[in-house]
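Peer 1: A structural model of the following input is requested.
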Amino acid sequence: MKELLHNALNHSAELALLLLFAIVLAESTALIGLIIPGTVLMITMGTLIGTGKMDFWLACSVGFIAALIGDVLSYWLGFRYRRKLHRLKLVRQHRRLLLQARHVLRHHGPIGIFVGRFLGPTRPVLPMVAGMLSMQPRRFMPACILACFLWSPTYFLPGILAGAAYGLGESNAIHFPTLLLICAVLFIAATWMLTHSFKTNWASRHMTLGTPLTGLASAAAIYLLISHPHADNYGERLWQVLA
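Peer 2: Residues are numbered from 1 along each chain as shown. Predicted coordinates:
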């Protein structure tokens, strides 16, 4: 897929954006999205943005439009063919996922639509299930539009951060891309342990010691990243990409 994207970019930027549109539309459409690795594809697109080969704002605009069309189409399919969909083999194979989506929508409504777009397993089916449950468009559309607007830049971000660091390894200091990866892993681990600690007993030894230690390690790695000789160059690259 990455080679296909590079070939499209070498041919024309318009072709690459058209390919992005097709990928996001398919990934967002009910049932089809279950068999497409959308997260991997979006991160791959992000690396191309980070290296300056694709315009950030154009990519986000195309991603927003394609995601919105996919969600609205899925909602309409669920509303129009709610009874026939239950007979499809692909729907029966993912019955448990549909039941989870139904549970989320019945208990959380539009908030479930918004949050569900950022969760891989439920993203392709939540709009369809919302239609099957006859959720009112005035409740579905605002959450759907906001989620689609934020989804593309959110999923592009890891790839952008990685792509902007490409070629910044030459230095007497720690290899910059490696340090960036370490920072990301430690930050995610520290965030997970902190949120998990509120759900468990603080007397747990591994949580009591692990949370502050991971937080300190994350802070130290971020300090090394900021003070790295390539930090300014990295910041300039990110600014050029986003501006």
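Peer 1: going forward, measure contacts and count neighbours with C-alpha atoms only.
Peer 2: Fine.
Peer 1: what segments of this protein are helices?
Peer 2: Taking DSSP state H, the helices of the chain run over residues 2-11, 13-28, 38-50, 56-80, 82-85, 89-93, 95-108, 110-116, 126-132, 137-164, 176-197, 205-226, 231-242.
Peer 1: same list, the ones you listed, but as a markdown table with mean pLDDT and mean neighbour count please.
Peer 2: Below are the helices of the chain laid out as a markdown table (pLDDT from 0 to 100; neighbours: other C-alpha atoms under 10 Å):
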| stretch | mean pLDDT | mean neighbour count |
| --- | --- | --- |
| helix 2-11 | 60 | 14 |
| helix 13-28 | 84 | 20 |
| helix 38-50 | 82 | 23 |
| helix 56-80 | 92 | 21 |
| helix 82-85 | 77 | 13 |
| helix 89-93 | 72 | 12 |
| helix 95-108 | 84 | 16 |
| helix 110-116 | 90 | 21 |
| helix 126-132 | 90 | 27 |
| helix 137-164 | 91 | 20 |
| helix 176-197 | 72 | 17 |
| helix 205-226 | 68 | 16 |
| helix 231-242 | 79 | 16 |
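Peer 1: residue contacts, the residue positioned nearest the centre of the chain?
Peer 2: With distances taken as C-alpha atoms, centre = their mean, residue 155 lies nearest the centre of the chain, 3.0 Å away. Contact analysis of residue 155 by C-alpha atoms under 8 Å, 6 or more residues apart in numbering lists 39, 42-43, 46.
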